[in-house]
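> here's a sequence, model it:
(2 chains)
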Amino acid sequence: MPELGKYAVSVLSAYGVSLGLLAVLVGLSVARARRVKAQLARVEDRQGRQHHG
Amino acid sequence: MASIWEYANPVKFIRTTDRLLPWISVAAVACLAVGLVWGFFFTPEDYRQGSTVKIIYLHVPAALMAINAWLMMLVASLVWIVRRHHVSALAARAAAPVGAVMTLIALATGAIWGQPMWGTWWAWDPRLTSFLILFLFYLGYMALWEAIENDDTAADLTAILCLVGSVFALLSRYAVLFWNQGLHQGASLSMDAEENVADVFWYPLLVCMAGFILLFVALVFLRTQTEIRARRMRALIAREGAY
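The predicted structure follows:
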């Protein structure tokens, strides 16, 4: 850990806030991508069966 | 050579970005890891700003992407208005939350940095104020997409909002040049050697900026794929209801 002196709280909170926001953004993007992909596959599958059934 | 308009085809876009996404994601993570570790652990303190100079590795790349994300949305919106390619409208929609988070990071790290250096978290300085307005434009843009049910109408209206907001995106970039009375310093990264940051800070900053750009591209690709699939799903469900 580098010596941050009297500004340690400022520097660490800047890194904490930024990396936290980036992690939330990436996490939500990946989660929604998976959810929508699975939902679309279900709808396409359902419609495929209706057309062939 | 393939025309760029081929990628306006949703299937072609998804197939191409599927191939690129893993590489861009790995490159983004690698650049961010190298740049941030280099900047945080292996750079000295600044003689005036002390260790707060380490905030530059987050603040500057985030501010860079906050402005450029809006400019990317502007180009995509213009393509939608002129050529009516759905993928471009959906790419603009996909980029908005990424740009909003980048703007929020720039504002938050700026406030955290400003408190010890300027003695205040916030000032109604031209650059800070134009960045806050840009953030509000991002929120308004996302809210407008959610508020309108018809995708094409939403794309039209958000494209107009994007054109208007571009004024503030440009102001955010050039505010320190237009008005000289603010707290925020002028450009730190100009080509003018007298104004530029020292090399010891500059090289890790360059790697961090590359990381933020690659992260933005990866997220926009992923989120555009999601928007394309969501649009197709809405169309299929609507067709189901029509039978």
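
> leaving out sequence neighbours, find the closest residue to residue 6.
You didn't pick a chain, so chain A it is. Spatial nearest neighbour of A:Lys6, excluding adjacent residues (Cβ to Cβ, 6 or more residues apart in numbering or on different chains): B:Gly50 at 7.3 Å. (Glycine included, C-beta is placed from N, CA and C.)

> chain B was what I was after
B:Lys12 is the one closest to B:Glu6 (Cβ to Cβ, 6+ apart), at 5.5 Å.

> against chain A, how distant is that neighbour?
Using Cβ to the nearest Cβ, to the nearest Å, one gets 17 Å for the distance from B:Lys12 to chain A.

> tell me the secondary structure at A:Glu3.
Here A:Glu3 takes the coil state, with states given by DSSP: H, G, I helix; E, B strand; the rest coil.

> look up how far A:Ala14 lies from it.
Plainly put, A:Glu3 is 17 Å away from A:Ala14 if you go by Cβ to Cβ, to the nearest Å.

> quick revisit: wait, a helix at the residue nearest to B:Glu6?
Yes - assessed by three-state DSSP, B:Lys12 belongs to a helix.

> so how many other residues sit close to the residue nearest to A:Lys6?
17 (other Cβ atoms under 10 Å in any protein chain shown).

> pLDDT score for it?
pLDDT recorded at B:Gly50 is 89.

> now B:Pro126
Predicted confidence (pLDDT) for B:Pro126: 83.

> and it, what are its phi and psi?
phi -50, psi -50 (degrees, to the nearest 10).

> look up how far B:Phe168 lies from it.
Look at B:Pro126 and B:Phe168: by Cβ to Cβ, they are 11 Å apart.

> and A:Glu3 and A:Ala14? which has more neighbours close in?
A:Ala14 (25 against 7).

> any idea how far the more buried one is from B:Leu144?
31 Å.

> tell me which helix or strand comes right after the helix or strand B:Val60 falls within.
If you go by DSSP states H and E, B:Val60 is part of helix B:56-83. Next along the chain after helix B:56-83, taking DSSP H and E as the criterion, comes helix B:86-118.

> the following helix or strand past that next one to helix B:86-118, inter-axis angle?
Downstream of helix B:86-118, the first helix or strand assigned by DSSP H and E is helix B:126-147. Following axes from the mean of the first three to the mean of the last three Cα atoms, to 10 degrees, one obtains 150 degrees for the angle between helix B:126-147 and helix B:86-118.
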